[in-house]
Every structure is written in C-alpha cells, then in structure tokens.
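Asker: Next comes the sequence, and after it the predicted model I'd like to discuss.
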Amino acid sequence: MVNGIATPFVTMVIADLLGVPPEDRETFREVIDAAPPPGNMQAEEAPTQFSPLEFMAGYFARYLAERRAAPRQDILSELATATYPDGTLPEIEDLVKMATFMFGAGQDTSAKLLSNATRYIVDVPGLQETLRAEPKRIPALLEEVLRLEGSTKATFRLARRDTTIGGTPVKAGTRVLVALAAANRDPRRWENPDEFRLERPRILEHLAFGRGVHTCAGAPLARAEVRVILEEFLARTRHIDLDAQHHGPPGERRFEFEPSFIIRGLKELHVTLEAA
Ligand code: HEM
C-alpha cells in the first residue's frame, strides 16, 4: 500500500500539477525512494546525507527558466512568471527552492496519510461498511485520522524576539519544536483523545497541517487526493483487510513505523482486497 500504491500515486499527482515532464518523473521517484525519510533518526550525520531535493534542484532550475521564456498551463509557469509587488521577478534560485520544497512536501505526507487511514478503515469495527455505504463521510474519517495519526509530527519556529509561550519564557534566537501530534491528543482539548470517533465535534481544529501564516499549503490537495483514492478503493472492493502474515491478527497487529522525528507513517502496509 505504501510503496506500491500511495507513494507513486501522490508523486504523480504533484508532478502533474507542477508540470514535471513525464520523462523525468521516474528518475525523481527512484531518487526519493532511495532517500531516508525526512527527520531520520538512524542517519549518522544528517548534513552529509544525500538530499533528493538538491538532486532535483538542477532539473527545477531548467524547468523554471523554460517556463519564464514560454509559460504553459502549470504551477511551475505560475511560479516562473509571478512578480513582487514592485513588478520585479524573483531570482530563479529562490523559485527553485519553493518548487522543490513543494514537490518534496507532497510526497511522504500524503502517502502516509493514506496508509494511516487504511489501518483505521480495516480495524475499527463496521467502519469500512459505513464508508462504503456513505462515501461522503470519508472526509470526516480523514480529519480524525489526521488528528490521531497526522503524518507530520512536528513543525519548527525560530523566536525572533523574547517571548513567553504557555508560561515558558523563550529567548530570541531559540529554535522551538512544536509537537503537533501531542497537541492533537491533548486531553485538555479532546475528549478521550486516543479514541477514534468518526464524527468528532470541531474536528477541524486539529493541528495536523499547522496553523497561522505557514499553515500547510498542500492541505486541500492532500485531502482531495487521499479522499479520491479511498473512494476508489472502497467502491471497487467488497472487503479490505490487513495481511495477517505481515501484521498479525486483529487485536494483535504489528506495524513498523519510519524511524523519523518528523514523519508519522508506516514503513509498509500489506492489505488484501476482495473485489466488489
Ligand atoms: C497529509 C498530508 C500533509 C500533512 C500532514 C502536511 C503537514 C504540514 C505541516 C504540519 C506543515 C507546517 C505548518 C506550520 O509550520 O505551521 C506543512 C507545510 C507545508 N506543506 Fe504540507 N502537509 C501535507 C501535504 C502537503 C502537500 C500534498 C503539499 C504539496 C503541495 C504540501 C506543501 C506544503 C508547503 C509548501 C508547506 C510550507 C508552507 C509555508 O511554510 O508557508 N503539504 N505541511
């Protein structure tokens, strides 16, 4: 589910929207597949690691220069031709950072959301039958999974001035790790926070996509692409199950998660599908 379906699907979606030429997409996928997940806790020395985003930067610089000369109908063209309020064009190098970041940000996160959601669909009693009968409830499912298992565990801020957060003094220059996953299970905010509830009141107040000016730019895309693929999965199957050989029987499931302090996601998810 993760490596065979979710990751290739979301990579193709973002590549298509940005305007990455089809002939380069397979190369990007191989490079991303080969790299450890962001926030890898098993890496020896993070700065010396091979970065897929650096590898892709050369390609994106070329795409953006081509779009600036001859715009097309894609997001890269919009970036290449956007201007500052005074009418000047940004340096290509700055756009490369935005474009590669957007490409990278749309990979693991959405792919992990699909597999995190599938676990609940299979193991919450009656849930897949409910969703198959009423696919319009899939968005509610996704929000509750984002709260419980949002694929980004943390985001970061740099304090620009001395301040106080929740009673803790924070000096200017301090880097702050904001544990979104912890806030999303805070018992002061969520009743029985570890429990899955399909229709939780005010569910959209979860912090899985962050908050404020830097809130996730891809949230609508992530919601749409995972909803669409789940709709298809449910419509084309009579039953979805987890492969007990890999994950054990219900009640005694075993999962292996990515060793990352940023990404919350399964390394693998083996499902069995009974065709409709
Ligand atoms: C389930 C999927 C996703 C999750 C859980 C997620 C989560 C996040 C989080 C937590 C942030 C930081 C927000 C903050 O610091 O306040 C973020 C930022 C961002 N995300 Fe996502 N994301 C997802 C999918 C995507 C996709 C599909 C794209 C690609 C289009 C994307 C593009 C971005 C960008 C560009 C930013 C930076 C925004 C900024 O700094 O202004 N994300 N995301």
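Answerer: The structure has been received and is ready for your questions.

Asker: residue contacts, residue 10?
Answerer: The neighbourhood of residue 10, defined by Cβ atoms under 8 Å, 6 or more residues apart in numbering, consists of 106-107, 110-111, 114, 225. For every residue, glycine as well, the C-beta is placed using N, CA and C.

Asker: Tell me the secondary structure of it, please.
Answerer: helix (DSSP: H, G, I helix; E, B strand; the rest coil).

Asker: how close does it sit to residue 201?
Answerer: Residue 10 sits 30 Å away from residue 201, taking Cβ to Cβ, to the nearest Å as the criterion.

Asker: Around the ligand, pick out the residues from the stretch 1-150 of the chain.
Answerer: Residues of the stretch 1-150 of the chain lying close to the ligand (Cβ under 6 Å from any ligand atom) are 14, 101-102, 105-106, 109-110, 113, 150.

Asker: The stretch 151-276 of the chain too?
Answerer: Going by Cβ under 6 Å from any ligand atom, the residues of the stretch 151-276 of the chain near the ligand are 151-152, 155, 180, 208-212, 214-218, 221-222.

Asker: Would you mind listing which of those are buried?
Answerer: Burial of these was assessed by neighbour count (16 or more other Cβ atoms under 10 Å); the buried members are 151-152, 155, 180, 208-210, 216, 218, 221-222.

Asker: circling back: same list (the residues of the stretch 1-150 of the chain next to the ligand) but as JSON lines, adding pLDDT and secondary structure.
Answerer: Below are these laid out as JSON lines (pLDDT from 0 to 100; DSSP: H, G, I helix; E, B strand; the rest coil):
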{"residue": "14", "pLDDT": "92", "secondary structure": "helix"}
{"residue": "101", "pLDDT": "89", "secondary structure": "helix"}
{"residue": "102", "pLDDT": "90", "secondary structure": "helix"}
{"residue": "105", "pLDDT": "86", "secondary structure": "helix"}
{"residue": "106", "pLDDT": "81", "secondary structure": "coil"}
{"residue": "109", "pLDDT": "89", "secondary structure": "helix"}
{"residue": "110", "pLDDT": "92", "secondary structure": "helix"}
{"residue": "113", "pLDDT": "95", "secondary structure": "helix"}
{"residue": "150", "pLDDT": "95", "secondary structure": "coil"}
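
Asker: Tell me the most packed of those residues, by neighbour count.
Answerer: With neighbours defined as other Cβ atoms under 10 Å, the most crowded of those is residue 113; it has 27 neighbours.
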